[in-house]
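Q: A predicted structure for the sequence below; I have some questions about it.
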Amino acid sequence: MRIKDLMKPLKKDETPLDGPVIQDYVDIYNLPLEEYPIEHEIIYVIDREGRYVGSIRRKTLRYLVNSNNLWKMSSIVNHFEDAAVAVDKEGRIFYATKNYTTILGIPLGKIIGKDLRMIESEAALIQVLEGQKPIIKEKTYIKSLDKYVSVRMFPLFTEGIFQGAVSVFKDITETNKLSNELKRVSEEVQEYKSQLNARAALLDLNIIGSDPGFTRTLSQALTVAKTDATVLIRGENGTGKEVIARLIQNCSARKDKPFITVNCAAIPESLIESELFGYEDGAFTGAKKGGKVGKFELANGGTLFLDEIGDMPIPMQSKLLRVLQDNEIEKIGKSQNITVDVRIIAATNQPLEEMINNKTFRKDLYYRLNVITLDIPPLRDRPHDCLLLINHFLSQFNEKYNKNLVIENPCVDTLLQYDWPGNVRELKSCVEHAVILCSSDKITTSDLPTSITSDKLSQTANIPIDIVPILPLRECMDKYEKELLVNALAKTEGNKSEAMKQLGLTRRTFYRKLNQFNIK
């Protein structure tokens, strides 16, 4: 350490008093301090040409010379990239490298001999002084400097006697910034990859739509897919509730695990427990030999999709609630419960809130299922999506049936004006119907199912009588009735009770019509 590193520069008009002088290039630790009389508090500094350039306090020089035995490697350490500072056992700084002063932004002369606590009150080196044990920190924040440093601190001993402590550290602020930036970029890349995976999942599942309400539901589905939260999907029949459930599965951490679907409305009440939980060999009369694995066990590690959850019997709702609470199933005929790891996604088109009031659905189960609710808007509220889906299904069925058809504009207008009570499922069936029956190169309104074109019957009064096909009235009525029955069953996925309800028919009349038109 040179004198010039610690000197205080002379002011412009300052005139040195009589007293000892010292050259600026002298090494402090080799200074014969006894040559400088004690009565002189200030020692002036001259350069090689003998010009006065600064001054230094004698007591600072004495302190550094006396502490030289604690720090023998100063000339070497100054060449290291790491910064270093050494303090005596009272906490006074007796050595510091240039890199240390650079990091602090304080001249060396203003810190030598100062108490470290005055410079950095929360310095970890103080803990080394107090505990006399080394401390190593790969990353620590120095509040007063607004910097991150990697630091190694050790106590100093001379012949077993504690003398002070030394701290060697490196400024890693920029490295930390680069690390944070790298982390941010990595997160953005991961998010971009997630978006690409989500887009691929949408394409794989043929999910088509740009309606704001529908895309909001998709966005929510992709967000919740990253969690294991229970999801309740609500929407009319045919809106694609199972498709959204599969989207959640495909974009989740469980994507490589089973996805098991259960239609709660299609299983008889007497069988639903064994269907969900399974049974042991000989559990009851007529039990399958070897027992049966239930849907919960099949879905272990993956996802169980409970469609039409509103049709689940009340007794079964209680058992499902217990599974959701305890993550255990009670297999029929087995004495011990089985632990399962299954994510539940439920779906319904029924008003569960009304069912709770009518005591046909458990309130506690509703709250368990209703952690995240996704509402799928009906197709009638998505006119632009309807057009996109028409083109998509036309392309799909053209390829399937080896045709190259287009749809006339009046036909498209008819499709867009239709209410679509069966939603996307009904639209798909309608386009397939038209592609199959079309005998020309263009699909016209006459190729559509009569259930759709019947909405236009009131307009036939304005059509010239010579272009209206003449058929026996009974034949027209029978054809129309049969098509209504078939469409109702298709829209309800074969749920006869729901089809009766939609058609407004009694049970007796409904089954009589099925027999009359030979509908299986």
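A: Received the coordinates, thanks.
Q: report the buried residues of stretch 206-223.
A: Residues Ile207, Ile208, Gly209, Asp211, Phe214, Thr217, Leu218, Gln220, Ala221, Leu222 are the ones in stretch 206-223 that count as buried (16 or more other Cβ atoms under 10 Å). All C-beta spots, glycine's among them, are computed from the backbone N, C-alpha and C.
Q: can you flag which of those belong to strands?
A: Using DSSP state E, no member of the buried residues of stretch 206-223 falls in strands.
Q: from the residues you listed, which two are the most distant?
A: The most widely separated members of the buried residues of stretch 206-223, counting by Cβ to Cβ, are Ile208 and Gln220 (17.7 Å).
Q: low-confidence ranges, the stretch 151-300 of the chain, go.
A: Applying pLDDT under 70 to the stretch 151-300 of the chain picks out residues 158-159, 174-205, 282-288, 290.
Q: do a quick rundown of the helices in it.
A: Taking DSSP state H, counting those that start in this stretch, the helices of the stretch 151-300 of the chain run over residues 173-204, 212-224, 241-250, 272-277, 295-298.
Q: which residues are in contact with the shortest one?
A: Spelled out, it's helix 295-298. Contact partners of helix 295-298, identified using Cβ atoms under 8 Å, 6 or more residues apart in numbering, comprise 258, 260, 262, 275-278, 304, 323, 329, 331, 338, 340, 342.
Q: now do the second one
A: In this structure, residues lying in contact with helix 212-224 by Cβ under 8 Å, 6+ apart are 194, 198, 202, 207, 209, 231, 244, 247-248, 251, 372, 374-377, 381-382, 385.
Q: pull out the buried residues from the residues you listed.
A: 198, 202, 207, 209, 231, 244, 247-248, 251, 372, 374, 376-377, 382, 385.
Q: ok, now which ones touch Pro377?
A: Shown in contact with Pro377 (Cβ under 8 Å, 6+ apart): Asp211, Gly213, Phe214, Thr217, Gly235, Thr239.
Q: go again with 7 Å.
A: Contacts for Pro377 (Cβ atoms under 7 Å, 6 or more residues apart in numbering) come out as Asp211, Gly213, Phe214.
Q: list just the nearest of these to Ile452.
A: Looking across the contacts of Pro377 and measuring by Cβ to Cβ, the closest to Ile452 is Asp211, at 21.1 Å.
Q: what does the model give the nearest residue in space to that closest one that is not next to it in sequence for pLDDT?
A: Nearest non-adjacent residue to Asp211, counting by Cβ to Cβ, 6 or more residues apart in numbering: Arg382, 4.0 Å away. On pLDDT, Arg382 comes in at 87.
Q: against Leu17, how distant is Arg382?
A: 93 Å (Cβ to Cβ, to the nearest Å).
Q: need the pLDDT of Leu129.
A: At Leu129, pLDDT is 88.
Q: in this structure it contacts Gly91, no?
A: Yes. Using Cβ atoms under 7 Å, Leu129 is in contact with Gly91, at 5.9 Å.
Q: neighbour count: these two, which is higher?
A: Between Leu129 and Gly91, counted using other Cβ atoms under 10 Å, Leu129 has the larger neighbour count: 21 against 18.
Q: look up how far Ala96 lies from the more buried one.
A: Distance, Leu129 to Ala96, by Cβ to Cβ: 16 Å.
Q: nearest residue to the residue positioned nearest the centre of the chain other than its sequence neighbours?
A: Closest residue to the average C-alpha location of the chain: Lys226 at 5.0 Å, with Cα atoms, centre = their mean. Leaving aside its chain neighbours, Lys226 sits nearest to Ser252 (6.9 Å; criterion: Cβ to Cβ, 6+ apart).
Q: got the contact list for Lys334?
A: Counted by Cβ under 7 Å, 6+ apart, Lys334 has contacts Glu280.
Q: just the element for it, please.
A: Using DSSP states H and E, Lys334 falls within no helix or strand.
Q: tell me who's in contact with Met500.
A: By Cβ under 7 Å, 6+ apart, Met500 lies in contact with Arg507, Phe510.
Q: what are the phi and psi angles of it?
A: phi -60, psi -40 (degrees, to the nearest 10).
Q: got it, and the one 4 residues further on?
A: Here is the backbone geometry of Gly504 (degrees, to the nearest 10): phi 70, psi 30.
Q: count of neighbours near Asn515?
A: By other Cβ under 10 Å, neighbour count at Asn515 equals 8.
Q: returning to what we had before: among the buried ones among the contacts of helix 212-224, which pair sits farthest apart?
A: Ile372 and Asp385, at 23.0 Å, using Cβ to Cβ across the buried ones among the contacts of helix 212-224.
Q: which one of the buried ones among the contacts of helix 212-224 is nearest Arg51?
A: After measuring the buried ones among the contacts of helix 212-224 against Arg51 - Cβ to Cβ - the closest member comes out as Ala198, at 74.5 Å.
Q: quick one: the strands in the stretch 401-520 of the chain, in order.
A: Taking DSSP state E, counting those that start in this stretch to define them, one finds strands in the stretch 401-520 of the chain at 406-407, 442-443.
Q: do you know how far Asn357 is from His392?
A: 40 Å.
Q: who has more neighbours, those two?
A: His392 (16 against 11).
Q: give me the element the more buried one is part of.
A: helix 383-400.
Q: in that helix, which residues are buried?
A: Buried positions in helix 383-400, judged by neighbour count with 16+ other Cβ under 10 Å: Asp385, Cys386, Leu389, Ile390, His392, Phe393, Leu394, Phe397.
Q: for the stretch 1-150 of the chain, which segments are assigned as strands?
A: So, for the stretch 1-150 of the chain - with DSSP E, counting those that start in this stretch - the strands run 8-9, 21-23, 42-46, 52-57, 83-88, 93-96, 135-142, 147-158.
Q: need these in TSV (columns: distance to Ser451 and mean neighbour count).
A: Formatted as TSV, those follow (distance: least, Cβ to Cβ, whole Å; neighbours: other Cβ atoms under 10 Å):
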stretch	distance to Ser451	mean neighbour count
strand 8-9	99	14
strand 21-23	108	16
strand 42-46	105	19
strand 52-57	102	18
strand 83-88	83	24
strand 93-96	90	23
strand 135-142	70	13
strand 147-158	71	18
